[in-house]
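[1] Fold the following.
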Amino acid sequence: MSTEPRLAEVTDPEPARTAAPGSDQAVKETLEDYTLRFAPRSYRRWTPMVVATTALGGIAYMADFSIGAGIGLAHGTGNALVAIAVAAVVIFVTGFPLAYYGARYNIDLDLITRGSGFGYFGSVLTSVIFASFTFIFFALEGSIMAQGLKLGLGLPLWLGYLVSTLMVIPLVIYGMTALSKLQVWTTPIWLLLMVGPLVYLVATDPGSVDRFLAYAGTDGDGGVNTASVLLGAGVCLSLIAQIGEQIDYLRFMPPKTEANKRSWWTAVVMAGPGWVVLGALKQAIGVFLAVYIIAEVGPTAAPEPIQQFKHAFDAMMPSWIVLPLAVALVVISQIKINVTNAYSGSLAWTNSFTRVTRRYPGRMVFVLVNLGFALALMEADMFSFLNSILGFYSNCAIAWVVTVATDIGINKYVLKLSPHAPEFRRGMLYAVNPVGVVAFVAASGLSIAMYFHALGDTLQPYSPVAAAVIAFVLTPLMAVVTKGKYYLRRTDDGITEPLLDEDGNPSAVTYDCHVCRQRFERPDVAACQTHDAVVCSLCLSTDKVGDHVLPEAPAAK
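    Numbering: from 1, shown residues only. This is a model prediction of the structure:
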């Protein structure tokens, strides 16, 4: 099939918008966030640096301090610092191709995953993994805030959990527009409160650095050993899925042109894989602060950020202002990250639900679902067994991210078996692509078995390494075995207008969807099987009987 549907006026000043089936609220949400779809050029009016600042604002979480402290207290400073560095390198390398694809083609990580080895329904698996990441870390940050509210205001923990959950709802309703303002205005305050105490302590108490470097940990002897490093790195690598939240912002990057390419690349690297540089620094600071206060609060409370910063502020300020500042830092950090967790989690749940049921219920439904899961974890005191949860979860997250990154880096650019331009539309993809699904299931399954000692105690620390290596090897191997034939169900979407413009950016030419009667840019539409017209990607997703979905056609050889 190769028809040319009616071309809409490109000069329309209003952004290309979607009117998804469902309630008025669902329509408003989709207008704001372009849930489940390509983010059109007409909406992407932010500069690269504004997008980058907004994305980096989402990593203001306090969990890094707890994670670093937990690793350092258990295995010693030397092992902790090496583990943090190893994890940071892996996260940066795997995050780079994902961030580039999200920013270049203006789609989120789920849409990237669909066309990078998983297929239209196959990526439902990874959407659930990502949604789990968001509510696990929401619960972690909410627990930290509850600790602060208990220490500062005397609120019982159960009430603090509830407050930290409910307060983000008004902020996350309005999507990117509200989040960009929140993150830009609060980031300088957050940075000052976080960095100031550290600089003061190092400058006024040089011996604190020596104590920090010499700390051996409860399970260590002061030396660096492979098992301790890998166990610590496994916990840090649970954060590898953070790149998905960064891409939820990076998809709103403006087109890359000759004029803006320097600022564009700077923003993508800084706010994409570059988030881990600040993350690793925070983890190392967490070790330092835990060692600094361990004699005063003991090893149980030392990983709590509220205790860490309370004692750090206490060394440099009058006592009357210490607690308010520590609580303010915790609350600002929690709000900055948990609006992102709630926002990104709602997108992931909505993606999965809409594909499976072919119904779009509205993103706010899944904001509440995600918050419900997070609140349940908090009330179950997940903070007390943090490292166990993150160590287990990291195996799934590593398998997923390494699989997609390998498909982009190796299968697309080296083997050329995976289509270069990402595809996400229903009808264009097979339901399941064995390349990514097999690699992900094998890597996560075997690494989880290793984590739970199924293959012996000796191999247990190596579970994150196994997840990464198996995914890296199996992804290109499966592409070669299948000859890449399960990537595309068809190569022709029935529209002659190219997907990309002369600069390689997604085309801004617009078309009218004949189902929802709204206007969309070229990458978000395909020809209709039963009409001489086009259909947008969301209407294709919600087509219950498949009337509009193009029939299968041979893929390109």
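[2] Regarding the spatially closest residue to Tyr413 that is not a sequence neighbour, what is its secondary structure?
    Ranked by C-beta to C-beta, 6 or more residues apart in numbering and with sequence neighbours excluded, the top spatial neighbour of Tyr413 is His420, at 7.8 Å. C-betas here are computed from N, CA, C, even on glycine. Three-state call for His420 (DSSP: H, G, I helix; E, B strand; the rest coil): coil.
[3] and the gap between His420 and Ser228?
    His420 is 42 Å from Ser228, where distance means C-beta to C-beta, to the nearest Å.
[4] Show me which of these two is the more surrounded one.
    A count of neighbours by other C-beta atoms under 10 Å puts Ser228 above the other of His420 and Ser228, at 24 against 9.
[5] after the helix or strand hosting the more buried one comes which helix or strand?
    Assigned by DSSP states H and E, Ser228 belongs to helix 226-236. Sequence-wise, the next helix or strand downstream of helix 226-236 (DSSP H and E) is helix 242-250.
[6] tell me which strands and helices that following helix is in contact with?
    Using 3 or more C-beta pairs under 8 Å, 6 or more residues apart in numbering; DSSP states H and E, the elements in contact with helix 242-250 are helix 48-57, helix 77-105, helix 109-113, helix 124-153, helix 261-271, helix 275-301, helix 319-357.
[7] now for the first one, which elements pack on it?
    For helix 48-57, the elements it packs on are helix 175-204, helix 242-250, helix 261-271, helix 275-301, judged by 3+ C-beta pairs under 8 Å, 6+ apart.
[8] Can I get the third one as CSV, trimmed to CA atoms?
    As requested, C-alpha coordinates have been extracted for helix 261-271 and formatted as CSV (Å, rounded to 0.1, in the frame of the first residue of the first chain):
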residue,chain,number,x,y,z
LYS,A,261,24.8,21.5,17.8
ARG,A,262,27.3,22.4,20.5
SER,A,263,24.7,23.3,23.1
TRP,A,264,22.5,20.4,21.9
TRP,A,265,25.3,17.8,22.5
THR,A,266,26.3,19.4,25.8
ALA,A,267,22.8,19.2,27.1
VAL,A,268,22.3,15.6,25.9
VAL,A,269,25.5,14.4,27.5
MET,A,270,25.2,16.4,30.6
ALA,A,271,21.5,15.6,31.3
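[9] Quick check: buried residues in that helix?
    Going by neighbour count (16 or more other C-beta atoms under 10 Å), the buried part of helix 261-271 is Trp264, Ala267, Val268, Val269, Met270, Ala271.
[10] who touches the second one in this structure?
    It refers to Ala267. With contact taken as C-beta atoms under 8 Å, 6 or more residues apart in numbering, Ala267 is in contact with Pro48, Met49, Val51, Ala52, Ala103, Met253.
[11] do you know how far it is from Ala241?
    According to C-beta to C-beta, Ala267 stands 21 Å off from Ala241.
[12] and if you look at the first one?
    Plainly put, Trp264 is 24 Å away from Ala241 if you go by C-beta to C-beta.
[13] same deal with the last one?
    Look at Ala271 and Ala241: by C-beta to C-beta, they are 16 Å apart.
[14] about what we covered before: mind checking which of the contacts of Ala267 are buried?
    If you count burial by 16+ other C-beta under 10 Å, the buried members of the contacts of Ala267 come out as Pro48, Val51, Ala52, Ala103, Met253.
[15] Could you look up the SS state of the closest residue to Pro197 other than its chain neighbours?
    What sits nearest to Pro197 in space, not counting adjacent residues and going by C-beta to C-beta, 6+ apart, is Ala312, at 3.6 Å. Here Ala312 is recorded as helix under three-state DSSP.
[16] Excluding its own residues, what touches stretch 157-177? List them.
    Contact with stretch 157-177 is made by 29, 32-33, 54, 138, 141-143, 145-150, 155, 178-179, 182, 249, 252, 334-335, 338-339, 342-343, 346, 364, 367-368, 371, 374-375, 378-379, as judged by C-beta under 8 Å, 6+ apart.
[17] distance between stretch 130-148 and the chain's centre?
    14 Å (C-alpha atoms, centre = their mean, to the nearest Å).
[18] can you check stretch 410-428 too?
    Averaging C-alpha positions (C-alpha atoms, centre = their mean) puts stretch 410-428 21 Å from its chain's average.
[19] How far does that stretch stretch from one end to the other?
    End-to-end span of stretch 410-428 (C-alpha to C-alpha, to the nearest Å): 22 Å.
[20] what do you get for stretch 484-504?
    23 Å.
[21] swap in stretch 503-518?
    Start-to-end span of stretch 503-518 (C-alpha to C-alpha) is 26 Å.
[22] Quick check: buried residues in it?
    Buried residues in stretch 503-518, counted by 16+ other C-beta under 10 Å: Asn505, Pro506, Ser507, Val509, Thr510, Tyr511, Asp512, Cys513, His514, Val515, Cys516, Gln518.
[23] Export those residues to TSV and append columns for pLDDT.
    Output for the buried residues of stretch 503-518, formatted as TSV (pLDDT from 0 to 100):
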residue	pLDDT
Asn505	92
Pro506	93
Ser507	92
Val509	93
Thr510	93
Tyr511	94
Asp512	92
Cys513	91
His514	89
Val515	88
Cys516	85
Gln518	86
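[24] Perfect, I'm done here.
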